[in-house]
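Undergrad: one predicted model, sequence on top.
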Amino acid sequence: MKIQVFVRSPEWLNSAGTRIRYRRLVSEFERLGCTLAIDSLSHIREGLKLNADVYLFSKCQDAGALMLADMLREAGALVGFDLFDDYATSQSSLTFAQRDFQRDL
């Protein structure tokens, strides 16, 4: 199984969040016979091959991510959104509006 994680920008590839969430899991997935790839959404324009079984969007909250998620679903791929951060439970939080985005994705 191949799992493709998308982050919002090349800068996020080296962020602590990406390292903590995903990079430390790469060797564990390999041990299980799976591949965990982490790329920026901008790498698609640079020719990144979309051949994973599962696509996970992390901190990608723009129209491009929604469009890509729709295209991947239409092609039969499993698509998910990283819920590592809790954007949904506090109704007084400024991030509460992200609930609609997450639902759409």
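TA: Ah, there it is.

Undergrad: from here on, just use CA atoms for contacts and neighbour counts.
TA: OK.

Undergrad: this structure: helices as residue ranges?
TA: For the chain, the helices defined by DSSP state H occupy 16-21, 26-31, 42-45, 63-74, 98-104.

Undergrad: now do the third one, average pLDDT.
TA: If I follow you right, that is helix 42-45. Here helix 42-45 scores 83 as its mean pLDDT.

Undergrad: same question for the last one.
TA: For helix 98-104, mean pLDDT rounds to 60.

Undergrad: pLDDT below threshold where in the chain?
TA: 83-105 (pLDDT under 70).

Undergrad: run the last query once more with 50
TA: Of all residues in the chain, none has pLDDT under 50.

Undergrad: list the contacts for Gly80?
TA: Under the criterion of Cα atoms under 8 Å, 6 or more residues apart in numbering, the neighbours of Gly80 are 54-57, 105.

Undergrad: okay, the helices of the chain in TSV with distance to Val5 and mean neighbour count next?
TA: Formatted as TSV, the helices of the chain follow (distance: least, Cα to Cα, whole Å; neighbours: other Cα atoms under 10 Å):
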stretch	distance to Val5	mean neighbour count
helix 16-21	10	13
helix 26-31	11	13
helix 42-45	12	12
helix 63-74	12	15
helix 98-104	16	12
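
Undergrad: how about these, which one is nearest Ile3?
TA: Ile3 lies closest to helix 26-31 among those, at 9.3 Å (Cα to Cα).

Undergrad: out of the contacts of Gly80, which one sits closest to Ile3?
TA: So of the contacts of Gly80, ranked by how close each gets to Ile3 (Cα to Cα), first place is Val54, at 4.8 Å.
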